[in-house]
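Asker: Coordinates for the following, if possible.
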Amino acid sequence: QVQLVESGGGLVQPGGSLRLACAISGLDYYAIGWFRQAPGKEREGVSCFRISNGSTDYADSVKGRFTISRDNAKNTVYLQMNSLQPSDTAVYYCAADTWLRPRGCTIIQSNGHKYWGQGTQVTVSS
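Answerer: The predicted structure is shown next:
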């Protein structure tokens, strides 16, 4: 059974930190992407991690603040989010990319992102 289960969301004050986790089971994949969707906005890519070589990518809006990593033993991908801002408020989703990209990974949503988690709410507010 394919499962992607996110956890770690919550309410945090501006400038605070959260660590999201995406636990994956039941499938083979080439990369994990984190996406987010704020109310009234389209879903956007945040970060990604390519399993084979650990390469990563980030949206410009989160570079220097967010860090993606993977625990191989737990088959879990983390998104460490620091210096959070109200504009980071959104539902965060992880997705398994089942397409092998020429290099690296992609934060552009595609048909390759076949499997998705249920999402976890992140709210940044004072």
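Asker: tell me the helices in the chain, going along the chain?
Answerer: In the chain, no helices are defined using DSSP state H.
Asker: At the geometric centre of it, which residue sits there?
Answerer: Nearest to the geometric centre of the chain sits Trp34, at 2.0 Å (Cα atoms, centre = their mean).
Asker: Roughly how far does that residue sit from Cys94?
Answerer: When Cβ to Cβ, to the nearest Å is the yardstick, Trp34 and Cys94 sit 6 Å from each other. (Each C-beta comes from the backbone N, C-alpha and C, glycine too.)
Asker: who touches the residue lying closest to Trp116 once chain neighbours are set aside in this structure?
Answerer: The spatial neighbour of Trp116 that comes closest, neighbours along the chain excluded (Cβ to Cβ, 6 or more residues apart in numbering), is Ala95 at 4.8 Å. With contact set as Cβ atoms under 8 Å, 6 or more residues apart in numbering, Ala95 has these partners: Leu4, Ile32, Gly33, Trp34, Phe35, Gln109, His113, Lys114, Tyr115, Trp116, Gly117.
Asker: what are the bridge partners for Ala95, then?
Answerer: Ala95 has these beta-bridge partners by DSSP bridges: Gly33, Trp116.
Asker: again, but for Glu6
Answerer: Here Glu6, judged by DSSP bridges, has bridge partners Cys22.
Asker: about what we covered before: find residues that contact each of Trp34 and Cys94.
Answerer: Shared contacts of Trp34 and Cys94, defined by Cβ under 8 Å, 6+ apart, comprise Leu20, Cys22, Val77.
Asker: I'd say the first one and Gly8 touch.
Answerer: Which is Leu20. Yes - contact status for Leu20 versus Gly8: in contact at 4.2 Å, counting by Cβ atoms under 8 Å.
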